[in-house]
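Asker: Structure for this input, please:
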Amino acid sequence: MSNINVSLEAMMAIDGAKGVCIVDYQSGMVLGKSGGGVDLDLAAAGNSEVIKAKLDTMKSLGIKGGIEDILITLQDQLHVIRPTISHKGLFIYLVLDKAKANLALARHKVMAVEKDLEI
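Answerer: The predicted structure is shown next:
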C-alpha cells in the first residue's frame, strides 16, 4: 500500500507528467498534489463537476457500471481523470505533456498506482 505522497511521486515519474492530484469529487477538495501544468486546485474543482455530470448522465441513460477514466485531449496536453475503485468519491487527475507522453503506458501506471493507494 502507498500513501498519497508516494502515489503522487510515482505518477510524476510517468513520462510527460506535468502535474497530478488526488481529489474528493463530492467537495472538489484536493487531498494531495504535485507538479503543475495547470492550476491543480481550480482543475480539481472543475473536474469534480465533470465526473458528477457524467455519473448523472449515465444514471439517466440507465448505463450500468462505473467510469474507468475520462480523457480530455487538448492541443498540447492530455488530461486523465480516473475515479478510484477502492476509495469511493475520489479521483486521480493527471496532466500530461502530449508530445512526451505515451497515453497507454500512463493509463496503465495510474491504474497500478491506484490499486496500491492508501488513504
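Asker: show me where this protein has strands.
Answerer: Taking DSSP state E as the criterion, the chain contains strands spanning 17-24, 29-35, 70-73, 77-83, 90-97.
Asker: Make TSV out of the ones you listed and add mean neighbour count, mean pLDDT and distance to residue 5.
Answerer: For every residue, glycine as well, the C-beta is placed using N, CA and C. Below are the strands of the chain laid out as TSV (neighbours: other CB atoms under 10 Å; pLDDT from 0 to 100; distance: least, CB to CB, whole Å):
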stretch	mean neighbour count	mean pLDDT	distance to residue 5
strand 17-24	23	97	10
strand 29-35	16	96	6
strand 70-73	12	97	24
strand 77-83	20	97	18
strand 90-97	23	97	14
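Asker: Run through the chain and note the low-pLDDT ranges.
Answerer: Scanning the chain for pLDDT under 70 picks out 1-2.
Asker: Now distance to residue 104 too, for the strands of the chain, in a markdown table please.
Answerer: Putting the strands of the chain into a markdown table (distance: least, CB to CB, whole Å) gives the following:
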| stretch | distance to residue 104 |
| --- | --- |
| strand 17-24 | 15 |
| strand 29-35 | 21 |
| strand 70-73 | 11 |
| strand 77-83 | 11 |
| strand 90-97 | 12 |
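Asker: Name the single longest helix found in this protein.
Answerer: In the chain, assigned by DSSP state H, the helix with the most residues is helix 40-61.
Asker: I'd like to check the angle between that one and strand 90-97, please.
Answerer: 120 degrees (axes from the mean of the first three to the mean of the last three CA atoms, to 10 degrees).
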